[in-house]
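> Dropping a prediction and its sequence here:
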Amino acid sequence: MHTLINGQKTDEIFEQIYSKHFKPHYGGKPTKRYLKLTKQAEQVSKISIEVLFGKYF
């Protein structure tokens, strides 16, 4: 679990991103939902998404 400044909110975001049928990319482009969630994660955690996820997304 990811617990940072607002632990519950970050947990909800990461649960959505890592859910079974979530697609971060479609047709080589990031989905709108993925962009929205990553933006929320950055705002809540104040840490770059590349640091959290690595560069495999």
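Yes, it's here. Numbers count the residues shown, from 1 in each chain.

> for the protein, what spans make up the strands?
Read by DSSP state E, the chain holds these strands, from start to end of the chain: 25-26, 29-30.

> Could you export these as CSV, including mean pLDDT and distance to Q43?
Where you see a C-beta, it was placed from the backbone N, CA and C, and this is true even at glycine. Compiled in CSV, these are given as follows (pLDDT from 0 to 100; distance: least, C-beta to C-beta, whole Å):
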stretch, mean pLDDT, distance to Q43
strand 25-26, 94, 22
strand 29-30, 94, 17
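
> Save these as a markdown table, and put in distance to E12 and mean neighbour count too.
Written out in a markdown table, the entries for the strands of the chain read as follows (distance: least, C-beta to C-beta, whole Å; neighbours: other C-beta atoms under 10 Å):
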| stretch | distance to E12 | mean neighbour count |
| --- | --- | --- |
| strand 25-26 | 21 | 10 |
| strand 29-30 | 20 | 11 |
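
> Of all those, which one is nearest Q40?
With C-beta to C-beta as the measure, strand 29-30 is the member of the strands of the chain nearest Q40 (14.1 Å).

> For the chain, give me the ranges with low pLDDT.
Counting by pLDDT under 70, the low-confidence segments of the chain come to 1-8, 45-57.

> can you do 90?
Counting by pLDDT under 90, the low-confidence segments of the chain come to 1-14, 17-18, 38-57.

> how deep is I13 tucked in, by neighbour count?
The burial count assigned to I13 is 22, neighbours taken as other C-beta atoms under 10 Å.

> right, so of the strands of the chain, which gets closest to F14?
Put simply, out of the strands of the chain the one that sits nearest F14 is strand 29-30, at 16.6 Å, with distance taken as C-beta to C-beta.

> Identify all contacting residues around that closest one.
For strand 29-30, contacts defined as C-beta atoms under 8 Å, 6 or more residues apart in numbering pick out P24.

> what about 10 Å?
Around strand 29-30, the neighbours that count as contacts under C-beta atoms under 10 Å, 6 or more residues apart in numbering are 23-24, 35, 38, 57.

> Format those as JSON lines; extra columns: neighbour count.
Formatted as JSON lines, these follow (neighbours: other C-beta atoms under 10 Å):
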{"residue": "K23", "neighbour count": "9"}
{"residue": "P24", "neighbour count": "16"}
{"residue": "L35", "neighbour count": "12"}
{"residue": "T38", "neighbour count": "18"}
{"residue": "F57", "neighbour count": "13"}
